[in-house]
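Engineer: sequence plus predicted model, see below.
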Amino acid sequence: MRIIRKVIHRMHTLVRPRRFERDLDEELSFHLEMQTRWHESQGLDRQSAHALAAREFGGAIRFREEVLDTRGLTWAQDITRDIRFALRSYRRAPGFTAVAVITLALGIGTTTAAFSIIDAVLIRPLAYEKPERIVTLTGRDSLGREIPSVSVPTFDDWRGQSRSFSAIALYGTARRAVITAGEAAHVETANVSPDFFRALGVQPALGRTLMPDDVTKGEPVVVVSHGFWARALGSPRTLPDAPLRIGTDAYRIVGVLPPGLEYPAGVDLFVPDAFGAPWRTASRNNINFNAIARLADGVTIEQARSEMRTIAARVHAAHPDDLYGRGVSVTTLQRRMVGPVESYLRLLAGAVIAVLLVACANLANANLARGAVRGREIAIRTALGAGRWRLVRQLLVESVALSVSGGIAGVVLAWALVRLVAQTSAVELPRAGEIAVNGTVLAFALALSVGVGLVVGLAPVLQAGRSALAATIAAGGRSTGTRRRATSRDVLIGIELALAIVLLVGAGLLIRSFRAVISRDIGFMPDGAVTAELSLPPARYSGRRASQFYGELFSTLRTIPGVTTVGATNFLPLGSSATGFIDVEGQADVGAGAGYRVVSDDYFRAMGIPLLRGRFFGPADDSGTTRVTLVNRAMAERYWPGQDPIGKRFKAKSMEWKDTPWLTVVGVVGNVRHWGLEQDAPVEHYVLYRQRPEFALNMAVVARGGDAATVMNGVRERIRAIDRDVPADIGTLTARVDRSLAERRFVMNGLVAFGALALALAAIGVYGVLSFSVAQRTREIAVRMALGAHRRGVLALVVGHVLRVSIVSAAIGLLAARALSRLMSAFLFDVSPADPRTYVVVTAVLITVALIAAYAPARRAATVDPMLTLRSE
Amino acid sequence: MPLPADELLQGTLDLLILRTLSREPMHGWAVSHRIQEISKDALRVNQGSLYPALHRLEEEGLIESEWGVSELGRRAKFYEMTAAGRRQLARESATWRKFSEAVQLVLQFA
C-alpha cells in the first residue's frame, strides 16, 4: 500500500513538477500569512507582525529546496528539472545560445563526419569472413620496387610451394563491354581463379559463387556484384534466366554477392578463369594479374611472410631472367585497400580535432563569462543551502544540454558533409560505399556531445568552486573579474588562436604546393579536347578489322563541326600504363625499362605533344613495313645521351609474346607527365596501332576543337552509328587532369576550410571575451576617464591587450606548426615545411583578424561616458 | 527558552506531528501552533523542519493532504492521518514511552 502510494506521489511530482512547486509556494505563503495574523492577534501592528513572521520563517528558499529534496525527487527527475531550467535560461539569452549551438554544431559536425569516414574506411573490418586473415601477395622487381602484380608462372610457383594459405587465388581486372537493355556500357570485370571467393570468404546473397569445375566445363558463367544486380538487373528475387552479354559472348548469371563488398574496387562482374595458355607458358615478365590468399588456420602473417621469402628466393634462383618475381610482400587486404588514403585521412582528422578544440575553448570561455555573471546567483544559492553537488550538477547539465543541442545540429551537418565527400565523388575513397551516418556514428556523436558538454561545463564549475562567495555578493556580483579568471580566459583565447595558426600554416603550405603542382608543364594541351574511351569486342575485331574500325571512326569524327584533329591511344595520360624492359642495340643490359603506348598517326597533334626531332608516324608506316617508334625526350636522354636517337634500334621485351622485333626510332617527342603532375615524365616510347593491332582493341579517341558539349554528343552518336555494341566513356582532357588533382585538392580544401573555420571561431571567441570584459570593466574605465585618461588611451588599452595575446599565441602556434609541418612533408610539393612566406602571411592574417574582432568592443570601451556610468552606481 | 523541536531526538518531530494530526485534519501552520501551544511554548517547530517532515510523512503514506478552504477563506493544504499513520503513531508512542521511562529511571537512580 505504502509503496504504491509512494510511487503515485513520485509519478505525480515527476509529471507535474511545476505544479508541485507552485503548491509548495502557496502552502508556505499561507503559513506566513497565518503567522502574521497570529502575531497581530497578540497585539502587534500589521507591519511588525509581518516582519516578525518573516524572520521566524527563516531562509524560506532554503527549506523550500529542502522540501523539494525530501520530496524524494529522483535523480532522473532532478536532471529533468535541471534541463528544463537550463533550457529556460538559454531561451532568455538567444544570442549567446545561437552562437554556442552553431559553434558546437560546427565542431561536433565536422568531427562526426570525419569519424564516419575514418570508421568506414580505416577502422571497420571488411565485410568478409575473418577479414584479418585475407592477404595480398605482391612481387618485387629487379630494382627492389614493390610491383602490385604478378605473372601466371610465378603465381603457379607460389601456389604450388606455399603451405601457409588455405586458399590462394589470382585475378585480373578489365573494363568489358556489357549489353543490358540493348545499351552497350563499360563494366569493370574481374577474371578470377575459382578459389577467389574462398580466399575472400564470401557467401552469396543469391545463387552460388564460383566452383572449380566452372573453368573446366566451359559454360560461360558470371557472378555479379550486389550493386550491379540492383542497378542493371533491377533487383530480381531470383536469378534471371536471360544470359548476360559480355562483349559478344553470353554468360549465365549463377550468383549475386552480398552488399558492402568493394574489392577489387569497382568490379561488378566476376568470371572464372583458369589462366591457362597463353599466360601459363608466356614470359614471366607479363605481370598482368594480382594475387590474394587466406591464411590457413594457426598460421600467422609473419610465418606466411617468412615462408614466401624462401619461396621467392627459390623462384628467383630458378628463373634469374625474371625481372619481377624477385621478392614477395604479404600484406593484409585491409591495409592494401586503405593504405594509400590513410595518411591524408589522418591529417584531415587531426585538423578536425583542432577545430573541435577551438570550438570547445570558445564554449568554455563563454561559460566562464556566464559563470561570472551568474556568480551572484550561485553565491546566493550556496548561502541558502543548495548543496555543492547540486550546483555542480546544474552547471554540468546546462552545459550538456547545450552541447547535445549542438550535437544534434552537428549530426545534420555531418550527414551533409558525408554525402558531399562520399557521394559527389569529390575524391575517390576506397570503401566509399560503406560511408554513412549509421548507429555507430550516432553513438559517437552523442558520446562526443556529452563529453564536450562535461569538459566545457567544468570550466565555470572550477571557477564557482574557487570564487569567494561573500566577496561576490558584497561586490554586487559585478566585479568578479578576478585576475585569475581573466588570465584563464586569455589562455583559452590564446589556445584558439594558436590552433588556428597551426591549421592555417598547414593550409598555406598546401595552397603553395598546389600552385607549384599546377604550374608544372604536363606535356600536352588539356584544353579543348574531348576523349572517348572505347573497347572493341575481340571476337568481332581481330586482326586488321580493328584498324579498319579506327580508320572509319577518325574520318567520321573529323566531320563534327569544330573538330580539327582526331587521334587515339591505348592509354590516356594520368591513368594506367604499360612498362617493359628493353634491350637497346649496341648497349649492354642496362637493367631499366621504358613505358610504351600504342597511338594513331595524329595522336600527338590531337594532344598537342610537340615533335622535337625526326617525324611523326605517317600513312607509309603499316603492318607490313619496318617497325617504327617515337621516343620521348626522357628516353632519348636516358639511352642515347649526346647522340641523335633517330635511326637507333631497340627491342621491347614485354610487349611481345615470343619473338621481339627491332623497333627503329623515327622521331623524338616532348615529355608527358603520364603519371601525374607531381611525377617526372617516365621514359617512354610510342608505337603505331596499325603495326600492333592486338593492342588496339581498347583505345581512347582524342578529338580536338569545337564546343565540348557538341563534340561529346557527336562522338557518342558517330561511334554508335558504326557499331552499337561498342561502349564509349566520353569525357574531356581537362576533367581528366582535374581528377588527377582531386586528392590533393581534397586535402587542401579540407585544411583551408578547417583553418578558416578555426580562425572564424577564434575571432568570435576574441570578440565575445572582449565584449564581456569591457562590459565588466565599464566602471573601471569610467574611473580612469574621470581621472583624465583619453579615449585613445582606453582604445589602446583594449587593443594592446588583444595584440599581446595574439602575438604570444602566434609565436606558440608558429612553433607548433613548424614541428607539425614535418608530419605533412609527404603532402608538400616544391615548398619547404618551414617556408617563411607562408608563416609570415599566416601570422599577418591571424593578427589582422584578431584586431578586427577586437575593434567593436574596443570602440565600445572608448565611448564609455564616465559621468553616466558612475552616476548609475 | 523554547526548545526547537527539530533538535530533539531523531523521529521525535514526526511523532509530535502524527500525534497532533491524530485528532483532526489541520494545515501546517496549525500543526506547529498546536505543538507550541500544548507544550506551553516549550517546543517550537522550525518551519524549515516542519514542511520537509510533513512532506516526508505524506510520501511515506502516514498522512495525506488535501487542498481546502481555511479559516481565512484562503486555499490551504490540510493534512490528515491515514490508517497506516495511526498504526505508526501507536507503535512510536509506545516506543517513546518506554524510552522516556527508561531515561527517567536512569536519571533518578543511576
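Structural biologist: Sure, I can see it.
Engineer: quick one: secondary structure of the residue in the stretch 551-700 of chain A that chain B sits nearest to?
Structural biologist: When distances are taken as Cβ to the nearest Cβ, the stretch 551-700 of chain A reaches nearest to chain B at residue A:678, 75.1 Å away. From N, CA and C alone the C-beta is placed, and that goes for glycine too. Secondary structure, DSSP: H, G, I helix; E, B strand; the rest coil: residue A:678 is coil.
Engineer: gap between it and residue A:519?
Structural biologist: From residue A:678 across to residue A:519, the span is 12 Å (Cβ to Cβ, to the nearest Å).
Engineer: more crowded one of those two?
Structural biologist: Between residue A:678 and residue A:519, residue A:678 has the larger neighbour count (other Cβ atoms under 10 Å in any protein chain shown), namely 15 against 9.
Engineer: what sits against the closest residue to residue A:268 other than its chain neighbours?
Structural biologist: Take residue A:268 and drop its neighbours on the chain: the residue closest to it by Cβ to Cβ, 6 or more residues apart in numbering or on different chains is residue A:228, 3.9 Å away. By Cβ atoms under 8 Å, 6 or more residues apart in numbering or on different chains, residue A:228 lies in contact with A:187, A:268-269.
Engineer: out of these, which is nearest to residue A:603?
Structural biologist: Set against residue A:603, the nearest of the contacts of residue A:228 by Cβ to Cβ is residue A:187 (26.6 Å).
Engineer: if I pick that closest one, what's in contact with it?
Structural biologist: A:175-178, A:228, A:232, A:246, A:268-269.
Engineer: which one of the residues you listed sits closest to residue B:84?
Structural biologist: Taking Cβ to Cβ as the measure, residue A:228 is the one of the contacts of residue A:187 closest to residue B:84, at 73.7 Å.
Engineer: the closest residue to residue A:610 other than its chain neighbours: what's it in contact with?
Structural biologist: Take residue A:610 and drop its neighbours on the chain: the residue closest to it by Cβ to Cβ, 6+ apart is residue A:670, 4.4 Å away. Neighbouring residues of residue A:670 by Cβ under 8 Å, 6+ apart: A:523, A:609-612, A:632-633.
Engineer: just the pLDDT at residue A:670, thanks.
Structural biologist: With respect to pLDDT, residue A:670 scores 95.
Engineer: cool, the one 5 residues further on as well?
Structural biologist: In this model, residue A:675 is scored at 88, pLDDT.
Engineer: quick check: it is in a strand.
Structural biologist: No: using three-state DSSP, the assignment for residue A:675 is coil, not a strand.
Engineer: which residues sit against stretch A:633-647?
Structural biologist: Applying Cβ under 8 Å, 6+ apart, the contact partners of stretch A:633-647 are A:584, A:587, A:590, A:592, A:594, A:612-614, A:631, A:648, A:650, A:664-671, A:680-685.
Engineer: that stretch: which residues count as buried?
Structural biologist: Residues A:633-637, A:639-640, A:645-646 are the ones in stretch A:633-647 that count as buried (16 or more other Cβ atoms under 10 Å in any protein chain shown).
Engineer: JSON lines for those, including pLDDT, secondary structure and distance to residue A:491?
Structural biologist: Converted to JSON lines, the buried residues of stretch A:633-647 look like this (pLDDT from 0 to 100; DSSP: H, G, I helix; E, B strand; the rest coil; distance: Cβ to Cβ, whole Å):
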{"residue": "A:633", "pLDDT": "95", "secondary structure": "helix", "distance to residue A:491": "59"}
{"residue": "A:634", "pLDDT": "93", "secondary structure": "helix", "distance to residue A:491": "56"}
{"residue": "A:635", "pLDDT": "93", "secondary structure": "helix", "distance to residue A:491": "61"}
{"residue": "A:636", "pLDDT": "93", "secondary structure": "helix", "distance to residue A:491": "63"}
{"residue": "A:637", "pLDDT": "92", "secondary structure": "helix", "distance to residue A:491": "59"}
{"residue": "A:639", "pLDDT": "90", "secondary structure": "helix", "distance to residue A:491": "64"}
{"residue": "A:640", "pLDDT": "92", "secondary structure": "coil", "distance to residue A:491": "66"}
{"residue": "A:645", "pLDDT": "93", "secondary structure": "coil", "distance to residue A:491": "67"}
{"residue": "A:646", "pLDDT": "94", "secondary structure": "coil", "distance to residue A:491": "72"}
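Engineer: thanks a lot, see you next time.
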